[in-house]
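> I'll drop the sequence and a predicted model, then ask my questions.
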Amino acid sequence: MLVSGKEIFQEAKKGKYAVGAFNLNNMEILQSIIEAAEAEKSPVIIQASQGGLKYAGIEYVAGMARIAAEKASVPIALNIDHGTSFEQIVQCVRHGFTAVMIDGSKLPFEENIALTKRVTEVAHPNGISVEAELGKIGGVEDDIVVSARDATFTDPDEAAEFAERTNCDALAVAIGTAHGVYHGEPKLDFERLEEISKKTDVPLVLHGASGVPDEAIGRAIPYGIVKINIDTELRMAFADAVKRVATEKPDEIDPRKILGPAKEAMFEVVRKKMRLFGSSNKA
Ligand code: 13P
C-alpha cells in the first residue's frame, strides 16, 4: 500500500530505526526494492531523482509505483528526491506521490524557508509529507553537483528554527556525507548530529549513505535519523552484474538473462541495508 512519508517517518522515530529510501530508474530496480521489502517485512521509500524522472518519465514512475504498492503488503512511500521547484512539486502531487523533497539548500536561509513553507501548503492538505534540506550535501547526483568547496554543514540552531518555521516533516542534514562514490572513508560529524538532535525533534534524513561504513550508520540512527538514501550502491550492484554477464556470456541476447542477475544483486543490497537500518519486521 502507498502511505504518506509522514507515517513512515513518525513510526521510525518512535521505534528508533531508519527506513531506506532507494532510487529507482526502471522496472527492474523497483521490483528488486519491493521484493526485498517484502522479504524483510520492512517499510520502504522509493524515490526518483531529477535524472530518474527525465529517464523514465513521471507517468511511468508514478504508474509503476502504484502497481507495486497495490501488490505489496508493506507500506511504501513514493518520493521525489531533490525536487527543484514549486511547480515540479505540484506535478508530483498531481501524479500521486505520497512524499516530496524540496531542495532549497542553495538558497539563502529565508528563501529556503519561504519555498519549503509554500511546498508544505500544497503537500500537507493532500496528506503528502515534505522533506527539506538545510546545509549543502556535497557530491554529484545526476544533474545536481555540489563541489566539496561549496558543501556546508548544517547549523544546529538554524535547523531548529527552520523546522519550527516551515513545519516540514523531515530534514536532510549535511554532516559529512556526499552523493556518489567516496574517495577515502567519509567522516561523519557526530557532535553536530547530536547537537541538531538536541535542538529539534524533526525527523532527520541522511543522504549520500552509499559507502558509509555500517558502524557509522548504526551510530547515526539513534540521533533521530529516520530516512537513509541509497542510490550509488544499487547502481554499482546493477552495473557489476550486467558486466559479469557480458564477460561470461558474450553471446547472451535475452534482456531477461542480462538484467535478471542485476535484479538479484540489487535485491541483496536492499535487503542488507534494511537489516542494518533496523527496519526489518517493522511493516
Ligand atoms: P548515494 O548515491 O551516495 O547513495 O546517495 C543517494 C542520495 O542521497 C539520494 O538523494
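All right, it came through fine.

> Pull out the CA atoms of the strand ranked longest in the chain and give them to me as PDB.
When the chain is parsed with DSSP state E, its longest strand is strand 76-83. C-alpha atoms of strand 76-83 as PDB (Å, rounded to 0.1, in the frame of the first residue of the first chain):
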ATOM      1  CA  ILE A  76       5.600   2.100   0.600                       C
ATOM      2  CA  ALA A  77       6.100   5.900   0.100                       C
ATOM      3  CA  LEU A  78       6.800   7.400  -3.300                       C
ATOM      4  CA  ASN A  79       9.100  10.400  -3.000                       C
ATOM      5  CA  ILE A  80      10.700  12.900  -5.400                       C
ATOM      6  CA  ASP A  81      14.300  13.200  -4.500                       C
ATOM      7  CA  HIS A  82      15.800  16.800  -4.500                       C
ATOM      8  CA  GLY A  83      12.700  18.400  -6.000                       C
END
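
> can you give me the mean pLDDT across it?
Averaged across strand 76-83, the pLDDT comes to 98.

> Then stretch 202-213?
97.

> Please apply the same query to stretch 182-194.
Stretch 182-194 comes out at a mean pLDDT of 94.

> Report the buried residues of that stretch.
By neighbour count on 16 or more other Cβ atoms under 10 Å, the buried set for stretch 182-194 is 186, 188-189, 192-194. Quick note: C-beta positions are derived from backbone N, CA and C, even for glycine.

> from the residues you listed, which is closest to the ligand?
Proximity of the buried residues of stretch 182-194 to the ligand (Cβ to the nearest ligand atom) peaks at Pro186, which lies at 9.5 Å.

> Can you report phi and psi for the closest one?
For Pro186, the backbone dihedrals (degrees, to the nearest 10) come out as phi -70, psi 140.

> what sits against it?
176-178, 208, 211-212, 216 (Cβ atoms under 8 Å, 6 or more residues apart in numbering).
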